[in-house]
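A.B. asks: Pasting a predicted model and its sequence here:
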Amino acid sequence: MKTEKGFALVLTMLFAVMALAFTGALMFMTIQGTKVSGLTQRYATALDAGKGQSDVMMNLALNTPSKTAPDYGNVQNVNCLAAKLTYATIGNSVGDTAVGGYSNAWLTSCVAANWTDCSGAATNCSGLKANVTSTNAKDCPDVVAQLGDYCTYSKIIDVKYADDGTGSTGCQFLYYSMEIRTERISNPSENSQISFLYRVQQQ
């Protein structure tokens, strides 16, 4: 009888330990799921802000030269942005000449200036080709905008010129490669990056 009671006690304790372990595992998965859900939500918010600023930049490119500034955001270097909206990065464009294969308009316009972030702090920019055309939108950004708790950096990193084969008498196009980076101001690790190519027919 004592042996049976002892066995029942051990079995009960074993079930209790198993139940405790299961409950702990369930709580851990619930907490981790909540964390992942929060991260996903914050990423989605950053992505939405980036998409909004992408629309602003596309509208600017589409309406150049009648539109000289974006509808929202602070232009970091007016001459640099104007050159990027008008001329191809490499080779000769209409009204531009190339210096060592690099656009003279870009070379002379995108020089060192007071490039800042949403908080007014200086960002990395020396005006060198490597910075102006790098895929990091925080290096020499063209437009910086604050959208709620997020800061967006918009940058045209490359422009290609093409026509339909008939030269200046036919259709001419500029292909803009753009980078849009969005960061939460209080926590830059919460961010999103958008890269896209946008074609605009010249008037």
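C.D. replies: Nice, I can see it. Residues are numbered from 1 along each chain as shown.

A.B. asks: would you list every one of the strands in the chain?
C.D. replies: Remark: strands assigned in the chain by DSSP state E are 74-75, 98-99, 102-103, 143-147, 150-163, 172-184, 187-201.

A.B. asks: These: which one's closest to Asn63?
C.D. replies: Asn63 lies closest, by C-beta to C-beta, to one member of the strands of the chain: strand 187-201, at 9.1 Å. The way it works is simple: take the backbone N, C-alpha and C, and place the C-beta from them, glycine included.

A.B. asks: Grab the most central residue of this protein for me.
C.D. replies: Arg181 (2.0 Å; C-alpha atoms, centre = their mean).

A.B. asks: about what we covered before: do you know which of the strands of the chain lies nearest Thr23?
C.D. replies: strand 187-201 (31.9 Å).

A.B. asks: Parallel or antiparallel, list what pairs with that closest one.
C.D. replies: strand 172-184 (antiparallel) (DSSP bridges).

A.B. asks: Next up, the contacts around the residue nearest to the centre of the chain.
C.D. replies: Shown in contact with Arg181 (C-beta atoms under 8 Å, 6 or more residues apart in numbering): 50, 136-138, 152-153, 191-194.

A.B. asks: Quickly name whichever of the residues you listed is closest to Lys67.
C.D. replies: Among these, Thr152 lies closest to Lys67 (C-beta to C-beta), at 18.5 Å.

A.B. asks: hey, what's that closest one bridged with?
C.D. replies: Counting by DSSP bridges, Thr152 is bridged to Ala145, Thr182.

A.B. asks: quick revisit: minimum pLDDT in the contacts of Arg181, which residue is that?
C.D. replies: In terms of pLDDT, Lys138 ranks lowest among the contacts of Arg181, with 87.

A.B. asks: wait, that one sits on Ser154?
C.D. replies: No: between Lys138 and Ser154 there is no contact under C-beta atoms under 8 Å: 10.6 Å.

A.B. asks: Mind checking which of those two has more residues around it?
C.D. replies: With other C-beta atoms under 10 Å as the criterion, Lys138 and Ser154 differ in neighbour count, and Ser154 comes out ahead with 27 against 19.

A.B. asks: can you pull the contacts of that one?
C.D. replies: 53-54, 56-57, 70, 73, 137, 141-145, 178-180.

A.B. asks: From Thr12, how far off is it?
C.D. replies: Per C-beta to C-beta, to the nearest Å, Ser154 is found 65 Å from Thr12.

A.B. asks: before we move on, what about Pro141?
C.D. replies: As judged by C-beta to C-beta, Pro141 and Thr12 stand 66 Å apart.

A.B. asks: more crowded one of the two?
C.D. replies: In terms of neighbours (other C-beta under 10 Å), Pro141 is the more surrounded of Pro141 and Thr12; the figures are 30 against 10.
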